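Q: I'll drop the sequence and a predicted model, then ask my questions.
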Amino acid sequence: MGDGIQWLMDRDDWCYGIVFARGLTPEELALRMGGVPGSVLSRITGMEAWDVVMDDGTDDEDLVRVGADAGWSFALEYGVPTAAERLADISRGGVEVVHLDPQPDHPPKQFAYARDGEDICSFGLGEEVWRWGRQPDFLLADLVRAGVLLPDGESARPDEERVEDEGRAALAMFESRFGLALPHDVEGRRLPAFVIR
């Protein structure tokens, strides 16, 4: 299974949302996210994506770069992330979607899982005791096995250890439960990109 995703917790520069989708090609994922076909003519790196977003100084050009790894398509969001509002639509027709939003300006990092047109379960990393969605306890057993929560849904760790430790433990659980992976060098890879309307 590739590089996994736990390494994201070690990145000070993780500032792009990540959408994983099983059941769509990378291009189909971009279109469901509002991508405009042909809007970026060449494959671009993460740095080039930020250049497009910030090019005119107005910060109003949002885009995604897409690829695939470990049986999942993925989209990296640059600019204002909009996937959180579109998860149910992205997941329609039996598609599974995992969204990780680093929330650099408003922690904690956020996790969301949608399937077949429904928001199933969401929570903040380090704040797993507060879960929401159609089935907020969907991952409770997994979070207990990972040592993040107790069986009653309360935190298994003291407050001072919670955010960093539980964030890493939650990412490890997502890796295991869903088989998620993202290449370590994804920022430097040239990937197809789409402007988001």
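A: Thanks, I have the structure now. Numbers count the residues shown, from 1 in each chain.
Q: count of residues packed around His184?
A: Using other C-beta atoms under 10 Å, the number of residues around His184 comes to 14. Every residue, glycine included, has its C-beta placed from N, CA and C.
Q: residues contacting the residue positioned nearest the centre of the chain?
A: Centroid-nearest residue in the chain, with C-alpha atoms, centre = their mean: Leu100, separated by 2.5 Å. If you count contacts by C-beta atoms under 8 Å, 6 or more residues apart in numbering, Leu100 has them with 5, 8, 17-18, 20, 109-111, 174.
Q: can you check Val40 too?
A: Taking C-beta under 8 Å, 6+ apart as the definition, contacts of Val40 comprise 52, 63, 192-195.
Q: Dump the residues you listed into TSV; add secondary structure, neighbour count and distance to Val148 as well.
A: Output for the contacts of Val40, formatted as TSV (DSSP: H, G, I helix; E, B strand; the rest coil; neighbours: other C-beta atoms under 10 Å; distance: C-beta to C-beta, whole Å):
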residue	secondary structure	neighbour count	distance to Val148
Val52	helix	18	37
Leu63	strand	24	33
Pro192	coil	16	35
Ala193	strand	25	34
Phe194	strand	24	35
Val195	strand	19	37
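Q: Does the residue nearest to the centre of the chain belong to a helix, a strand or coil?
A: Secondary structure of Leu100, reduced to three states by DSSP: H, G, I helix; E, B strand; the rest coil: strand.
Q: got a pLDDT number for it?
A: Reported pLDDT at Leu100 in the predicted model: 97.
Q: Look up how far Asp51 lies from it.
A: Taking C-beta to C-beta, to the nearest Å as the criterion, Leu100 is separated from Asp51 by 23 Å.
Q: for Leu139, same thing?
A: According to C-beta to C-beta, Leu139 stands 37 Å off from Asp51.
Q: next one: Val144
A: The gap separating Val144 from Asp51 is 44 Å, by C-beta to C-beta.
Q: Have a look at these two and say which one is more surrounded.
A: Set side by side, Val144 and Asp51 show more neighbours around Val144, with 16 against 12, by other C-beta under 10 Å.
Q: Now do the contacts for the more buried one.
A: If a contact means C-beta under 8 Å, 6+ apart, then Val144 has 150-151, 156 as its contacts.
Q: tell me the phi and psi of it?
A: When quoted as degrees, to the nearest 10, the phi and psi of Val144 stand at phi -70, psi -50.
Q: What sits closest to Gly94 if chain neighbours are left out?
A: Counting by C-beta to C-beta, 6 or more residues apart in numbering, Gly94 lies nearest to Asp116, which is 5.3 Å off, once chain neighbours are set aside.
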